[in-house]
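**Student:** Test case, fold it:
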Amino acid sequence: MIWKNTVNFIGCDAQYEEARVVIFGAPFDSTTSFRPGTRFAGQAVRNDSYGLEIYSPYQDKELPENVVYDCGDLELAIGSSSKVLGQIEDCARDILKDGKLPFMIGGEHLVTLGSVRAAAEKYPDMHIIHFDAHTDLRRDYLGVELSHACVIRRCWEVLEQTGKNGTDAGDGSGTRNMADICCADGRIHQFGIRSGEKEEFDWARAGHTDFHPFTLDGLDEALEQIGDAPVYFTVDLDVMDSSVFPGTGTPEPGGIDFLTAMRGVTKVCERVNLIGCDVNELCPPCDPTGASTAAACKIIREMLIAIANRQD
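**Tutor:** Numbering: from 1, shown residues only. You can find the predicted model right below:
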């Protein structure tokens, strides 16, 4: 028998109409400042996911059937970061409009900005949890504001602007009173950071972000503080130490180990009111052993299982 040529992440075989989580890939790395190749991550993790099972012995749970739809990689414009971000934003907006959770696989970290724009449009009071080796808080990188080195600064500006506008929460209640919406300061929670310019560290430590460098220490307290507020979760896989995750565009020694990362992402997905997420900065060509892709697959699986079971 001849089968349809489709490759989904393992266990993500639901139809769109029945799914609660929608995976889409954003194969973009045009602002990468060191080693390119993250555009190949989506297909790499889909192929290598078949080395996994849908059962997690860490959570003692399986990925339920008919929960996750994988629509494959977007066909993104070449040569225009702003147009690419618009395409990602449109995709995430459509998923959110249909009452589903967008789960994006990057690509370099700039792709997060497109999804955050769509999410903040619907949830202007949302928080962002950010796992990363790098601050990503620069005003610009070599004169370019749309860069993976600036993505969290741009996300902070999105939160600030949507708060000022009092954007409709998307719950039918109409425009919110400004008194009910916090400013952007303290609504981005950063963990694992160990690289960046002094100005970025100073800006974060001045209270613009909830800043937890080097480790995931303080995660429980941050989750308690966030409470039931909507959360967008962005995971830059280089938060892991380069000895266990060398397959990334800008490897940074001194990071957390795999088990710490896996337990951290699972905890976030189990406990928060998650409205969107992404996993980014896997660069398969930088690790021909495949170990980094295997780690990325397992991180994604654990996140999906935690999200799916929390929603039951």
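**Student:** Can you show me the strands along the protein?
**Tutor:** Using DSSP state E, the strands of the chain run over residues 21-26, 55-56, 61-62, 68-73, 101-106, 127-131, 188-193, 210-213, 230-236, 273-280.
**Student:** Any chance of TSV for these, columns mean pLDDT?
**Tutor:** Output for the strands of the chain, formatted as TSV (pLDDT from 0 to 100):
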stretch	mean pLDDT
strand 21-26	97
strand 55-56	98
strand 61-62	97
strand 68-73	95
strand 101-106	97
strand 127-131	98
strand 188-193	98
strand 210-213	98
strand 230-236	98
strand 273-280	98
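**Student:** Tabulate these (a markdown table), appending distance to R39 and mean neighbour count.
**Tutor:** No exception for glycine: its C-beta is placed from N, CA and C like everyone else's. Output for the strands of the chain, formatted as a markdown table (distance: least, CB to CB, whole Å; neighbours: other CB atoms under 10 Å):
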| stretch | distance to R39 | mean neighbour count |
| --- | --- | --- |
| strand 21-26 | 9 | 24 |
| strand 55-56 | 28 | 17 |
| strand 61-62 | 31 | 15 |
| strand 68-73 | 9 | 21 |
| strand 101-106 | 9 | 26 |
| strand 127-131 | 21 | 26 |
| strand 188-193 | 24 | 25 |
| strand 210-213 | 29 | 20 |
| strand 230-236 | 16 | 26 |
| strand 273-280 | 11 | 24 |
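**Student:** Ok, which of these comes nearest G11?
**Tutor:** Nearest to G11 among the strands of the chain is strand 68-73; the distance by CB to CB comes to 6.8 Å.
**Student:** helices or strands up against the closest one?
**Tutor:** strand 21-26, helix 41-48 (3 or more CB pairs under 8 Å, 6 or more residues apart in numbering; DSSP states H and E).
**Student:** same thing but at 7 Å, please
**Tutor:** Applying 3 or more CB pairs under 7 Å, 6 or more residues apart in numbering; DSSP states H and E, one finds that strand 68-73 contacts strand 21-26.
**Student:** ok, the strand it packs on: who's next to it in the sheet?
**Tutor:** strand 68-73 (parallel), strand 101-106 (parallel) (DSSP bridges).
**Student:** Can you lay out the ones you listed as a markdown table showing distance to H212?
**Tutor:** As requested, the strands paired with strand 21-26 are exported to a markdown table (distance: least, CB to CB, whole Å):
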| stretch | distance to H212 |
| --- | --- |
| strand 68-73 | 30 |
| strand 101-106 | 22 |
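**Student:** quick one: which of the ones you listed is nearest R301?
**Tutor:** Once the strands paired with strand 21-26 are compared by CB to CB, strand 68-73 is nearest, at 10.5 Å.
**Student:** what sits up against that closest one?
**Tutor:** Residues outside strand 68-73 that contact it (CB atoms under 7 Å, 6 or more residues apart in numbering) are 8-9, 11-12, 14-16, 19, 21-25, 27, 42-43, 304, 308.
**Student:** I299 contacts M262, doesn't it?
**Tutor:** Yes - judged on CB atoms under 7 Å, I299 makes contact with M262 at a distance of 6.1 Å.
**Student:** more crowded one of those two?
**Tutor:** Remark: of I299 and M262, I299 carries more neighbours, 25 against 21, as counted by other CB atoms under 10 Å.
**Student:** Contacts only, for that one.
**Tutor:** Here I299 is in contact with 235, 237, 261-262, 265, 279 (criterion: CB under 7 Å, 6+ apart).
**Student:** go on, I105?
**Tutor:** Here I105 is in contact with 23, 25, 41-42, 45, 279 (criterion: CB under 7 Å, 6+ apart).
**Student:** Swap in 8 Å and give it another go.
**Tutor:** I105 is in contact with 23-26, 41-42, 45, 278-280, 300, counting by CB atoms under 8 Å, 6 or more residues apart in numbering.
**Student:** Also Y16?
**Tutor:** By CB under 8 Å, 6+ apart, the neighbours of Y16 are 22, 69, 71.
**Student:** If you drop the residues flanking it in sequence, what lies closest to the second one?
**Tutor:** Counting by CB to CB, 6 or more residues apart in numbering, Y69 lies nearest to A19, which is 3.6 Å off, once chain neighbours are set aside.
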